[in-house]
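Colleague: Sequence and predicted structure below; questions after.
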Amino acid sequence: MAKRRLAHLLSRSLADEGIPDDLIATLEEALSDRPGPAAPSRKFDCLLARIGLPIPRRRPPEVAPLGLEDAARIADRFRRATHQLVQIAPHRVALYPTEELRLLLALRNERPAPDVALSYLRRYALAIVALLDLMGDDEE
């Protein structure tokens, strides 16, 4: 309940500054897991566990590739958000966020290859989240 209220207040406060809810949804989309095909289950694992033997390690699930259209859409949304944040953030923090803004501008200008688009978008999303965290929420 408190988490939901906090998310509502944060989104309302950010919306007052011109940062819409769709940015939050896009951040969640970029940071969410994109599992590949499910690994086959092993019936033998249950037997090993019952008799007290260790279960063999499995490889972590592969990450499904991000489609080119999705990557372009998310990157475009983050670039528009960067433009807004560069204008708003200095007025919402106690100390000027030099490093955070420098990182956002560097990521905005980067054009990654399609095979590294997901990791680029995740770095970009984390940089935006870090700046939003610094900005905080001035409404209680």
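Modeller: That came through fine. Everything numeric here is computed off the predicted structure, so don't read it as measured data. Numbering: from 1, shown residues only.
Colleague: Mind telling me what element the nearest residue to Ala81 once chain neighbours are set aside is part of?
Modeller: Nearest residue to Ala81, sequence neighbours excluded (Cβ to Cβ, 6 or more residues apart in numbering): Leu23, at 5.1 Å. Where you see a C-beta, it was placed from the backbone N, CA and C, and this is true even at glycine. Using DSSP states H and E, Leu23 sits within helix 21-31.
Colleague: for the chain, what helix or strand is lowest in average pLDDT?
Modeller: helix 2-16 (a mean of 55; mean pLDDT, DSSP states H and E).
Colleague: and Thr66, how many neighbours?
Modeller: Just to correct that, residue 66 is Leu rather than Thr. By other Cβ atoms under 10 Å, the residues close to Leu66 number 21.
Colleague: Go ahead and confirm it touches Asp115.
Modeller: No: at 9.8 Å, Leu66 and Asp115 do not qualify as touching, with contact defined as Cβ atoms under 8 Å.
Colleague: what's stretch 111-128 in contact with?
Modeller: With Cβ atoms under 8 Å, 6 or more residues apart in numbering as the test, stretch 111-128 has contacts from 23, 26-27, 30-31, 34, 63, 65-66, 68, 71, 74-75, 78, 81-82, 85, 100, 103-104, 107, 110.
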